[in-house]
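Peer 1: give me the fold of what follows.
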Amino acid sequence: MNWTPRRIIISIAVVAIVGMGAYLLGSQIQPEQPAATTAQNEQPAATAETAEEPAGFGPEVKRQYTSAPVYTYEQALNDFRDRRIQLENCVADPSTVTYKTGTKVMFDNRSSEPTEIKLDGRPIRLWGYEFRIVTLSSRSLPHTIDVDCEWLGEPSYNIARILLQQ
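Peer 2: Prediction:
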């Protein structure tokens with residue numbers, strides 16, 4: 001390929017446009033603690049976890065996690081009582097909330113089946129009775145995060161809306 005000045009300028013422009021597009025999409029949703037939980041009545045003795053997401057659900061999927069702050073289910077309920085979104089069979093409660101950007105929120109799967117939620121399209125997988133602490137932030141405010149869900153292979157769209165403000 002012959003790199004003429006015109007091709008170089010076009011290549012730089014394309015890279016700049018793609019970079020600006022990625023920056024402007026802006027929503028940064030960062031799972032902080034995938035889950036140190038099991039059923040509501042159990043006292044798990046697990047280390048808290050963050051890191052690579054499993055590629056799917058099932059016995060063949062291995063979790064690969066590293067250490068992070070530990071929360072038992074009871075501690076998380078207490079610490080996030082005003083910042084908790086329960087999910088059961090892809091029904092979110094509450095379904096409409098407002099938080100400040102940078103707020104840590106507990107997503108709590110109360111179903112025995114695995115559930116995958118998508119926050120602005122970014123997947124977060126929750127095993128049965130698992131919870132996850134997620135930091136919600138956005139570069140452009142106010143920003144509405146649309147929450148979609150998949151449960152037992154069936155997608156549900158717009159199960160919740162989270163308004164982020166400054």
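Peer 1: and Val97, what are its bridge partners?
Peer 2: Ile162 (DSSP bridges).
Peer 1: equivalent analysis for the one 10 residues further on, please.
Peer 2: Beta-bridge pairing of Phe107, defined through DSSP bridges, involves Ile85, Arg132.
Peer 1: least trustworthy helix or strand in this protein by mean pLDDT?
Peer 2: strand 50-52 (a mean of 38; mean pLDDT, DSSP states H and E).
Peer 1: just the strands from the chain, written as ranges.
Peer 2: 27-33, 50-52, 64-66, 84-88, 91-93, 96-100, 103-109, 115-119, 122-126, 131-138, 143-151, 154-165 (DSSP state E).
Peer 1: okay, those in JSON lines with mean neighbour count and distance to Thr72 next?
Peer 2: Placement of C-beta: from N, CA and C, glycine included. Shown next, in JSON lines, are the strands of the chain (neighbours: other Cβ atoms under 10 Å; distance: least, Cβ to Cβ, whole Å):
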{"stretch": "strand 27-33", "mean neighbour count": "17", "distance to Thr72": "12"}
{"stretch": "strand 50-52", "mean neighbour count": "13", "distance to Thr72": "16"}
{"stretch": "strand 64-66", "mean neighbour count": "12", "distance to Thr72": "16"}
{"stretch": "strand 84-88", "mean neighbour count": "18", "distance to Thr72": "15"}
{"stretch": "strand 91-93", "mean neighbour count": "16", "distance to Thr72": "22"}
{"stretch": "strand 96-100", "mean neighbour count": "14", "distance to Thr72": "23"}
{"stretch": "strand 103-109", "mean neighbour count": "21", "distance to Thr72": "12"}
{"stretch": "strand 115-119", "mean neighbour count": "21", "distance to Thr72": "21"}
{"stretch": "strand 122-126", "mean neighbour count": "18", "distance to Thr72": "17"}
{"stretch": "strand 131-138", "mean neighbour count": "22", "distance to Thr72": "10"}
{"stretch": "strand 143-151", "mean neighbour count": "18", "distance to Thr72": "25"}
{"stretch": "strand 154-165", "mean neighbour count": "16", "distance to Thr72": "25"}
